[in-house]
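Asker: Generate coordinates for the sequence data below:
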Amino acid sequence: MIQRLHIRIHGLVQGVGFRPFVHHLAGSLRLKGYVLNDPQGVEIEVEGPAEALAQFRLRLPKEKPALASIQGLESAYLDAKGYAGFEIRPSGQVGERSAQVLPDIATCPDCLAEILDPKDRHYRYPFTNCTHCGPRYSIILALPYDRAATTLAGFPLCPDCRHEYEDPGNRRFHAQPTACPACGPQLALWDGAGQVLAAKDDALRLAGQMLCEGRIVAVKGVGGFHLMADARNKEAIARLREVKRREEKPFALLFPSLGSIRGQCRVDEEEARLLVSPEAPIVLLERRPDAAAPLPEGLAPQNPLLGCMLPSNPLHHLLAADLGFPLVATSGNLSDEPICIDEREALERLAGLAELFLVHDRPIARHGDDSISRVLLGRGQVLRRARGYAPLAIPLPLPGLKGVALARGGHLKNSLALRRGPLVFISQHIGDLDTPQALAAHQRVALDLPRLLGATPQAEAHDLHPDYASTRVARESGLPCCAVQHHHAHIAACMADNGLDGEVLGLAWDGTGFGPDGTVWGGEFLACGYAGYRRVAHLRQFRLPGGDAAARDPRRSLLGCLHALRGGEVLQRYGGLKALAGFSAPERVLLVQMLDKGLNAPLTSSMGRLFDAAAALAGFERVMRHEGQAAMALEALLRQPARAKGYAFPLIEAAGLPLVADWGPCLEAMAAEAAQGLDPSLRAERFHSGLAGLAVAVAQKAGLSRVCLSGGCFQNRRLLQAVVEALERAGFRAYWHQRVPCNDGGISLGQAAVQAALAGEA
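Answerer: Numbers count the residues shown, from 1 in each chain. Take a look at the predicted model:
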């Protein structure tokens, strides 16, 4: 199949022979399309077979001109346009210059060589950077982007740095964050009371020694603090879990080299490219069962994946080089709070979490967590968009857009989006808005992003749910507000991510979203455009006993489903299931009464809760310790390749109403097989395959050829792969997220797109 690959490159890519290089590379692979310079950098579109596009994508950064520096590269696979050949187009003038608001960029090879060279004046200096790399978004205070408007303003350049800064032939020419040991920021190692234990390089070396001894060290990086510990040390890992209140959620790992990652995980070409890219995200990788010295299970309990990253700044490079072993590098916060960015604040907020604090005196203007990505079906997919990506813009495929609007995002995995004309600038990941600290961070970003981009919002968009914190603050803004249904926003985000206009069938599968009928939606099939949607089908509804408590306890979701099948006889029919055995007799009576009377037992069509019920029948019979844990456990049971036919999900039709996808036969079959003690992996396979078949059945009824997949359930790689492959075998075009998360971290983009369409600005 012929596809189109759209690539946007930021960095030193003009005036260095980049366009002729792209022309030659495209020609060698027989690809068609164009390349042009524009105010943001270089734009490329190439069309051809998928394998040739993948080669182009991999070779582009490897074979670029020697003087070129790629500081950011975002790509997306789109529908083909039918280009006749490949051309170098005249430079574009559309859009405002955005090179001044680049993301933070991972250390370039030249700077890395300097900090490792004893003869260089930047030797072991952890704030080394140049125009090709270093902090950007995290240090900018205002535009234009000059040193005086950054957090480096208080560090006057020494004569050597001044000479490099003013020399047009030097790679530090007008590198605003440039610094050296003589004039720049410095490290210090503090104890828990803020007393200085060591300074400068001695602080770095002593921190490394403490990590070797099993201590937990809070390390101030580019966008905030990490809590670090020796990833080989079971006791340190257990202690970190205890103090961070993170019982089982996987920890991110910082490795010293790509080779050390390969020793623990399987890494393909595209995964390696992501790991060493300027964005340097955490990449989810499959553990190697044959690892010579496997890391402790406690890093990611009962999870076949590890979240791995390489150093993205000189401080991390030096730590990793000194130690030579992987480190836990989890965000410096308590669970559900924003990452800590100030060292004095860290002493208070991280008290009891860290034993030592490796700090520096370069202020951080705005926080930035590590981004998270993975590779699926040969493409990179962002699961958390932050350092390395924010605040890069996604263009909306709607002509003639004007105006400025702020989209507030959802309540969980919150991000904001600022639309300026056709460009939507997406903020860094903020997190769940469950704490005063998180809501304060949301409000700071809501003020900061428009100020930084010089664009004053004239309207706001928010979720339809009236009680979301993001909804409340939007309504308090005094601006005209556009309420966007949660799942409509999901599909609109996927459409924008893939450059689609017109109408699509959207599969919005997640845990919860407020429906206009007052029920909890989450297993939705929507005929969808930017300006509106129609509910084509949904999962059969069931009640959740205890409401939010059921979102944490898969057994409650299961009981709600079984009650929908058998009513008050549910315990007589299914009381012997092992999945329900953990409830005491009084609990069972109370829960069934709640279901019978519909008290504190809201109706839902949630696919996320259906996954929980299926996971309980496949052996996950306890309260979850983190979001999505039951579904992850169900996915982990799967084997390659799938061996079994999927469970049935018949469609129930009624005149004038959406189709209803009945999960009853599926769960009854799963319950019977569980009672017989059959292999749980087989049940997991049949469940996933059944959902893929359901997607095809609804698509055939809807009669729309393009199908967009969005929502947190599609973080399940096996589900996404099964649905995509089933749809494409049936003749449909499937689209999924690439540049923005499929979870709630992406819905601010969808809200911005819907607001623009409804405002009639297109």
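
Asker: just for this structure, where's the confidence low?
Answerer: Applying pLDDT under 70 to the chain flags residues 15-16, 67, 92-100, 640-643, 761-762.

Asker: Can you classify the residue of it most remote from its centre by secondary structure?
Answerer: Of all residues in the chain, Gln572 has its C-alpha farthest from the mean position, at 43.8 Å, by Cα atoms, centre = their mean. State at Gln572, reduced to three classes by DSSP: H, G, I helix; E, B strand; the rest coil: helix.

Asker: Please point out which parts of stretch 720-738 sit buried.
Answerer: Using 16 or more other Cβ atoms under 10 Å as the test for burial, stretch 720-738 gives 720, 722-724, 726-727, 730, 732-738. Every C-beta, even on glycine, is put in place using the N, C-alpha and C of the backbone.

Asker: so which pair among those is furthest apart in space?
Answerer: The span of the buried residues of stretch 720-738, defined through Cβ to Cβ, is set by Ala730 and Gln738 at 22.4 Å.

Asker: The helix or strand where Val46 lies pairs with which strands, parallel or anti?
Answerer: Taking DSSP states H and E as the definition, one finds Val46 inside strand 41-49. Note on strand 41-49: by DSSP bridges, its sheet partners are strand 2-12 (antiparallel), strand 32-38 (antiparallel).

Asker: check contacts around the residue nearest to the spatial centre of the chain.
Answerer: Centrality entry for the chain: nearest residue to the mean C-alpha point is Arg384, 1.6 Å, by Cα atoms, centre = their mean. Contacts for Arg384 (Cβ atoms under 8 Å, 6 or more residues apart in numbering) come out as Ile282, Asp369, Asp370, Ser371, Ile372, Lys413, His429, Pro741, Gly745.

Asker: Does it have any beta-bridge partners, and if so which?
Answerer: The bridge-partner assignment for Arg384, based on DSSP bridges, gives Ile372.

Asker: How about Ile9?
Answerer: According to DSSP bridges, the partner residues bridging Ile9 are Val42, Leu73.

Asker: Test my guess that it contacts Leu73.
Answerer: Yes - using Cβ atoms under 8 Å, Ile9 makes contact with Leu73 at a distance of 5.2 Å.

Asker: Pick out whichever of the two has more residues nearby.
Answerer: Regarding Ile9 and Leu73, a neighbour count based on other Cβ atoms under 10 Å identifies Ile9 as having more, with 24 against 21.

Asker: Longest helix of the chain, counting residues only.
Answerer: In the chain, with assignment by DSSP state H, the single longest helix is helix 680-702.

Asker: Return the distance of it from the chain's centre.
Answerer: Distance of helix 680-702 from its chain centroid, counting by Cα atoms, centre = their mean, to the nearest Å, is 25 Å.

Asker: Please save the CA atoms from it in CSV.
Answerer: Below are the C-alpha coordinates for helix 680-702, written out as CSV (Å, rounded to 0.1, in the frame of the first residue of the first chain):
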residue,chain,number,x,y,z
PRO,A,680,-6.3,-18.1,31.4
SER,A,681,-4.0,-17.1,28.5
LEU,A,682,-6.5,-18.7,26.1
ARG,A,683,-9.3,-16.6,27.7
ALA,A,684,-7.2,-13.5,27.3
GLU,A,685,-6.6,-14.3,23.6
ARG,A,686,-10.2,-15.0,22.9
PHE,A,687,-11.3,-11.7,24.6
HIS,A,688,-8.9,-9.6,22.5
SER,A,689,-9.7,-11.4,19.3
GLY,A,690,-13.4,-11.0,20.0
LEU,A,691,-13.1,-7.2,20.4
ALA,A,692,-11.2,-7.0,17.1
GLY,A,693,-14.1,-8.9,15.5
LEU,A,694,-16.6,-6.5,17.1
ALA,A,695,-14.7,-3.5,15.6
VAL,A,696,-15.1,-5.0,12.1
ALA,A,697,-18.8,-5.8,12.6
VAL,A,698,-19.7,-2.3,13.7
ALA,A,699,-17.5,-0.8,10.9
GLN,A,700,-19.5,-2.8,8.4
LYS,A,701,-22.8,-1.6,9.8
ALA,A,702,-21.6,2.0,9.9
